[in-house]
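Visitor: fold the stuff below for me.
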Amino acid sequence: MLLKGTNAEKLAQLKQVLSTSKVGQKGIEETETILNAISELALPYEVELDLTLARGLNYYTGAILEVKALDVAIGSISGGGRYDNLTGVFGMNGVSGVGISFGADRIYDVLNQLDLYPKNAVERTKLLFIAFGNNELNACVKMAAQARANGINTEIYPELTKIKKQMTYADNNKIPFVAIVGENELNEGKVMLKNMQTGEQRLLSMEEVIETIKL
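Guide: From the prediction side, this is the model:
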């Protein structure tokens, strides 16, 4: 029997076909519960009832699901479902669960085909904070958050060490700007911004730093 129509229409057909099956009716009831709950969420995705799906018949004990990407000729990119007996394998009987797994390779293919990578995901760090001491390092944390909030990929050198070593890190990783925070800068609420390409250094507020880097 080929089921057609909406999810509700498919379930109506199934109720007739499985009218004499207690197990079948129970399955329909559970499916209706799931679909009704999903409808309350107002998800912006299409949910299709498909009784041709089969996943791990010795593993799953209830509803299963698969996720497909739109506009790409590829199979499911993730899948999962309900399993009531799995924990028994590990000596924990009577613990039910629901799980899902993701196909990393297929998701990678979808991202490539549809060019869905966030543009800033492949951008390098633009600003590195260098601190002279613990007080300065604490101040860097707050200023780095301000830079990130303005869309600037930012790092803080993770330890207090020689300035030369920190500068070398910035140079090796092709970070174009370094914000140096010492005692004088901290007292003025500013940073010494160094352009690693030109060598130019300027004492700037964070607002000025953000404006300079975003130009």
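Visitor: hey, let's count contacts and neighbours off CA atoms from now on
Guide: Noted.
Visitor: off-centre distance for the longest helix anywhere in the chain?
Guide: Secondary structure of the chain per DSSP state H: the longest helix is helix 22-41. Distance of helix 22-41 from its chain centroid, counting by C-alpha atoms, centre = their mean, to the nearest Å, is 29 Å.
Visitor: stretch 141-159 now?
Guide: The answer for stretch 141-159 is 20 Å, by C-alpha atoms, centre = their mean.
Visitor: now do the buried residues in it.
Guide: Met143, Ala144, Gln146, Ala147, Ile152, Asn153, Thr154, Glu155, Ile156, Tyr157 (16 or more other C-alpha atoms under 10 Å).
Visitor: quick check: domain ranges of this structure?
Guide: Per automatic domain parsing, the domain ranges recorded for the chain read 7-114, 120-214.
Visitor: mean confidence score for the first one?
Guide: Domain 7-114 shows a mean pLDDT of 89.
Visitor: what's the first-to-last distance across it?
Guide: Criterion C-alpha to C-alpha, to the nearest Å; first-to-last residue distance in domain 7-114 is 29 Å.
Visitor: where exactly do the helices run in the protein?
Guide: According to DSSP H, the helices that the chain contains are 7-17, 22-41, 104-114, 134-149, 163-172, 183-188, 206-214.
Visitor: export the ones you listed to CSV and tack on distance to Val98?
Guide: Output for the helices of the chain, formatted as CSV (distance: least, C-alpha to C-alpha, whole Å):
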stretch, distance to Val98
helix 7-17, 22
helix 22-41, 13
helix 104-114, 20
helix 134-149, 36
helix 163-172, 45
helix 183-188, 52
helix 206-214, 45
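Visitor: now for the residue nearest to Leu193 when sequence neighbours are not counted, how many residues are close by?
Guide: Leaving aside its chain neighbours, Leu193 sits nearest to Ala179 (4.5 Å; criterion: C-alpha to C-alpha, 6 or more residues apart in numbering). For Ala179, the count of nearby residues is 26 (other C-alpha atoms under 10 Å).
Visitor: many thanks, we can stop here.
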